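In: coordinates only, sequence not included:
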Ligand code: AMP
Ligand code: MG
C-alpha cells in the first residue's frame, strides 16, 4: 500500500476543517473520527471503492462487515425498508448512543459494506463531532474501529496515528472516547433479537425496552472454565503485542492472590510483567508496570480505560500482561468479552 500523507485536524478547531474532512469522505477518502465508543475509520458507505480502502488500510478480512453510521434516525430509511416495531423502539430509546442494530438491507447498500450479507448494521453515534461530520458529508458513513486489524481499538487520536499514519487521509482529533468499548450489536432480524456483540448498552437495558433478547451462543464458545489454554492460541482480536492472561472469579481477594503469584513466577523467569488492575488492588502489585483501569464499584470507568490500558502496557514493552477479570453483568459482559479475546481465551478462574 502506498504511503498517504495523513493530516490531523482538531475537532475543536475552525469549522472549515471539519467541512474539509467531510469533503474528503464525499470524495472517496478515509477519515478517522471520534465517537463516544472508540475512534472510527470512516468512508462513504455508498461508494464501494471507498469502502474497499477501509479493508486495505486496516488489513481487515473481507468477510467482516462494517457498521454504517448516520446522523439522524430518519437516515435509517435509506438503508433498510423493513424496520419492525422492536427495531423502532430500541432506536428511539438508545440513539444517539452505543447500540448498533442489524436490519434487512436495501438493495442500494453495497455488498462491500455488508460482506455480502443481506443485512446491514446501523448506528447513530452520540458524539457531536461524529454526527456533525456525517451530516456535513451528506452520506451514510461506514466505519469500523480505526485500528490495524487485530489490535486493541483506539480510544485516542494518538492510538489511531500509531496504527494508521500514512495509510489514511485525515484524523479528526476529538480527545478521548467516553465509553471506551465498541457498541452493542443487536440483530433484529431474528425473533427474539440476539446480541451478537456485548457493548456500551447492556442486555438489561435493552430488555427493559423490548423484553427478552438472546446472546449469540458463539460468545459463550469463548468460555473455558478450568485450565488456561496454551498462551500461543490467540484469537486475532484486541490483541496487544504482549501475551495476555486474564485472572477471573467472584472474589477479588482471590484474584489478587493469584495475580501476585503469577507476577512472582514470571518475573523470576526474567519476563517483564504488566498488570491491568482495578483501583482496589492495583497498589498492592509489585510488577514492572501497573495500569489501574478503574474501580470495581464503577465498571463504566473500567470499560472506558480498558483498551487505553492495554496499549499503555504495550508501550511499556512488557512481555506479559496480567488482566484482572470482572463480574459478567451489565457492562461487565462487554469488558470480559474484550479481555477474553485479547487473551486468546487464556483465562484462569480462581
Ligand atoms: P468494528 O466496527 O470493527 O467494531 O466491527 C463491526 C462489528 O459489527 C463486527 O463484529 C461485525 O461482525 C458486526 N457487523 C457488521 N455488520 C453486520 C451484519 N450485517 N450482521 C452481523 N454483524 C455485523
Ligand atoms: Mg474493531
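Out: Sure, I can see it. Computed from a prediction, not measured in an experiment: that's the story for all the values here. Numbering: from 1, shown residues only. Ligands and ions are numbered 1, 2, ... in the order given.

In: dump the residue contacts of the nearest residue to residue 86 once chain neighbours are set aside.
Out: By the measure of C-beta to C-beta, 6 or more residues apart in numbering, the closest residue to residue 86 outside its immediate chain neighbours is residue 210, 4.4 Å from it. The way it works is simple: take the backbone N, C-alpha and C, and place the C-beta from them, glycine included. Listed by C-beta atoms under 8 Å, 6 or more residues apart in numbering, the contact partners of residue 210 are 86, 89, 90, 193.

In: Against residue 94, how distant is residue 210?
Out: Between residue 210 and residue 94 the computed distance is 11 Å (C-beta to C-beta, to the nearest Å).

In: Over to residue 72?
Out: When C-beta to C-beta is applied, the distance between residue 72 and residue 94 equals 15 Å.

In: again with residue 250
Out: Applying C-beta to C-beta, one obtains 30 Å for the distance of residue 250 from residue 94.

In: Pick out whichever of those two has more residues nearby.
Out: Set side by side, residue 250 and residue 94 show more neighbours around residue 94, with 23 against 10, by other C-beta atoms under 10 Å.

In: Contact partners for that one?
Out: 201, 205, 206, 209.

In: Setting aside sequence-adjacent positions, which residue approaches the third one most closely?
Out: Read it as residue 206. Leaving aside its sequence neighbours, residue 206 sits nearest to residue 213 (C-beta to C-beta, 6+ apart; 5.5 Å).

In: swap in the last one?
Out: On the basis of C-beta to C-beta, 6+ apart, the spatially nearest residue to residue 209 that is not a chain neighbour turns out to be residue 93, at 4.6 Å.

In: Now the lowest-mean-pLDDT helix or strand in the chain: buried residues?
Out: For the chain, using mean pLDDT, DSSP states H and E, the weakest element among its helices and strands is helix 217-220, scoring a mean of 78. Buried positions in helix 217-220, judged by neighbour count with 16 or more other C-beta atoms under 10 Å: residue 219.

In: Paired strands for the next helix or strand after that helix, with orientation please.
Out: The first helix or strand that comes after helix 217-220 along the chain, using DSSP states H and E, is strand 243-248. Sheet neighbours of strand 243-248, with direction, are listed as strand 320-324 (parallel), strand 347-349 (parallel) (DSSP bridges).

In: which one of those is the most hemmed in?
Out: Each of the strands paired with strand 243-248 was given a mean neighbour count from mean count of other C-beta atoms under 10 Å, and the largest, a mean of 27, is that of strand 320-324.

In: could you give me the average pLDDT of it?
Out: Here strand 320-324 scores 98 as its mean pLDDT.

In: what packs against the following helix or strand past that strand?
Out: Sequence-wise, the next helix or strand beyond strand 320-324 is helix 332-342, with elements assigned using DSSP H and E. Helix 332-342 makes packing contacts with strand 243-248, helix 299-315 when contacts are defined by 3 or more C-beta pairs under 8 Å, 6 or more residues apart in numbering; DSSP states H and E.

In: Okay, buried residues for the longest one please.
Out: Using 16+ other C-beta under 10 Å as the test for burial, helix 299-315 gives 299-314.

In: for residue 291, what are its contacts?
Out: Applying C-beta under 8 Å, 6+ apart as the definition, the contact partners of residue 291 turn out to be 274, 275, 276, 277, 282, 305, 309, 312, 313.

In: Contact residues of this structure facing ligand 1?
Out: Contact residues of the chain with respect to ligand 1, defined by C-beta under 6 Å from any ligand atom, are listed as 64-67, 102, 114, 117, 119-121, 144-145, 182, 185, 196-197.

In: Sketch out the low-pLDDT regions of the protein for me.
Out: Along the chain, segments meeting pLDDT under 70 span 2, 221-236.

In: Would you map the helices across it?
Out: Listed in chain order, the helices found in the chain under DSSP state H are 15-26, 48-58, 85-94, 111-114, 128-137, 157-164, 203-210, 217-220, 252-268, 279-282, 299-315, 332-342.

In: I'd like the ones you listed laid out as TSV, including distance to residue 349.
Out: Supplementary listing: the helices of the chain in TSV, determined by distance: least, C-beta to C-beta, whole Å:
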stretch	distance to residue 349
helix 15-26	45
helix 48-58	33
helix 85-94	32
helix 111-114	37
helix 128-137	38
helix 157-164	30
helix 203-210	22
helix 217-220	15
helix 252-268	9
helix 279-282	17
helix 299-315	19
helix 332-342	11
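
In: residue closest to the middle of this protein?
Out: Compute the mean C-alpha point of the chain, and by C-alpha atoms, centre = their mean the closest residue is residue 182, 3.2 Å away.
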